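Student: Sequence first, then the predicted structure:
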Amino acid sequence: MTHTRAAAGSRVTVLATLLVALLAAFLTPGRAAAASLQEVTGFGTDPGALRMFRYVPAGLPAGRPVVVALHGCTQDAAGYGTGSGWIQLADRWGFSVVLPQQQTANNLSDCFDWFQSGDIERGRGEAASIAQMVDRQLADVSGDSARVYVTGLSAGGGMTAVMMAAYPEKFAAGGVVAGLPYGCAQAAGSPYVCMYVGAPQTPEQWGDRVRAARPGYGGPWPTLTVFQGTADYTVNPGNMTDLMKQWTDVHGADQTADVSDTVAGYPHQVFKDAGGNPVVETYSLTGMGHGQPVDPGTGTEQCGTAGPYLLDVNLCAAYRLGRSWGLG
């Protein structure tokens, strides 16, 4: 009898707890049902044979920004979207996320093909597929076409530079994490030389590669933010310097930092154009290896989840990008 009475009491306690939780859900102002990652098919001709996933917070109004987030090698759309913190920030700040996903049939390591000529040119391959995803997302969610941003890790970072160069009119800004300059594989003669050593190019030569990707384009060009670990043995840290050279030249700026300070203890630089507008920003993550900087937790500046190639360094790259882009 005592056991039965205890079990009944336990059931009452559980039911009461559930009732409190349900009341809280209904009474909390602005609370909405959680959204989930969705796959979108038929988004275009998809010449690069990619898959499109997206995250749209529940109740997202029209006219909100769109962030395109490109995973690294061996990763997928869902894991990168969650691990990097972008989905978390989409709920917090109110924007949608496009998450392209590579297929093994294209690349055995699921890397975006940032080094293949047929995938990095306007109107062709993977670059064209990602551009079609942007168009579909803007149409479906009535997004703000003037506030579309692109970012990615490693091979996704290399493809971020591709999208900025081949489709500059679509993106207000880009964020390259442990990635490569546009045309680096061609300049170095090999993607591996590019990754491990770099390519001997002047700022003007780097800039010419971007300008050649979109002939006759007069601007405006996307601004750029780069995050790079100093202990990265997969992508030589010199690639961040080359990215800075490439995009300062595209913007008509010099290669002398106008701001040099620290953020979360890491060296940070800002390069401005002749009008005093920030056009390139760099974060040098001292001692960090190859991966996406994250800072798990519930603090205002925290986001992301640590894991393979998602490195807890007390700085969340997605948060820094989002603040720079005015998403917060």
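Tutor: Structure received. Numbers count the residues shown, from 1 in each chain.

Student: This protein: helices as residue ranges?
Tutor: Listed in chain order, the helices found in the chain under DSSP state H are 2-27, 77-83, 86-93, 117-120, 125-141, 155-166, 184-188, 191-196, 203-213, 238-250, 317-324.

Student: For stretch 311-328, output the C-alpha coordinates as CSV.
Tutor: Taking only C-alpha atoms (Å, rounded to 0.1, in the frame of the first residue of the first chain), the coordinates of stretch 311-328 have been written out as CSV:
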residue,chain,number,x,y,z
LEU,A,311,37.1,24.8,-31.2
ASP,A,312,36.3,26.4,-27.8
VAL,A,313,38.6,29.4,-27.7
ASN,A,314,36.4,31.7,-25.7
LEU,A,315,35.4,33.6,-28.9
CYS,A,316,32.5,32.8,-31.1
ALA,A,317,33.2,33.7,-34.7
ALA,A,318,29.5,33.6,-35.6
TYR,A,319,28.7,36.2,-32.9
ARG,A,320,31.5,38.5,-34.0
LEU,A,321,30.3,38.3,-37.6
GLY,A,322,26.7,38.8,-36.7
ARG,A,323,27.6,41.9,-34.7
SER,A,324,29.8,43.3,-37.4
TRP,A,325,27.0,42.8,-39.9
GLY,A,326,24.3,44.4,-37.8
LEU,A,327,22.3,41.3,-37.2
GLY,A,328,22.2,41.6,-33.4
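
Student: okay, now G322: neighbour count?
Tutor: 25 (other CB atoms under 10 Å). Every C-beta, even on glycine, is put in place using the N, C-alpha and C of the backbone.

Student: got it, and G207?
Tutor: The burial count for G207: 22, using other CB under 10 Å.

Student: cool, and R64?
Tutor: Number of residues near R64 (other CB under 10 Å) recorded here: 19.

Student: Give me the pLDDT for the closest residue to G183 other than its chain neighbours.
Tutor: Once its chain neighbours are removed from consideration, G183 has its nearest residue in R209; the separation is 3.6 Å (CB to CB, 6 or more residues apart in numbering). For R209, the model assigns a pLDDT of 97.

Student: got the domain boundaries for this protein?
Tutor: 1-31, 35-324 (automatic domain parsing).

Student: and among those domains, the most buried is which?
Tutor: domain 35-324 (a mean of 20; mean count of other CB atoms under 10 Å).

Student: Now do that domain: distance to the chain's middle.
Tutor: Distance of domain 35-324 from the chain centroid (CA atoms, centre = their mean, to the nearest Å) equals 5 Å.

Student: Determine which of the helices of the chain approaches A105 most closely.
Tutor: With CB to CB as the measure, helix 125-141 is the member of the helices of the chain nearest A105 (12.4 Å).

Student: rank the domains of the chain by mean pLDDT and give me the bottom one.
Tutor: By mean pLDDT, the lowest-scoring of those turns out to be domain 1-31, with a mean of 33.

Student: if I look at M163, how far off is P100?
Tutor: Between M163 and P100 the distance is 10 Å, computed by CB to CB, to the nearest Å.

Student: ok, now D249?
Tutor: On the measure of CB to CB, D249 and P100 end up 28 Å apart.

Student: picking up where we left off before, what sits against the residue nearest to G183?
Tutor: With contacts defined as CB atoms under 8 Å, 6 or more residues apart in numbering, R209 is in contact with A165, P181, Y182, G183, Q186, A187, Q201, Q246.
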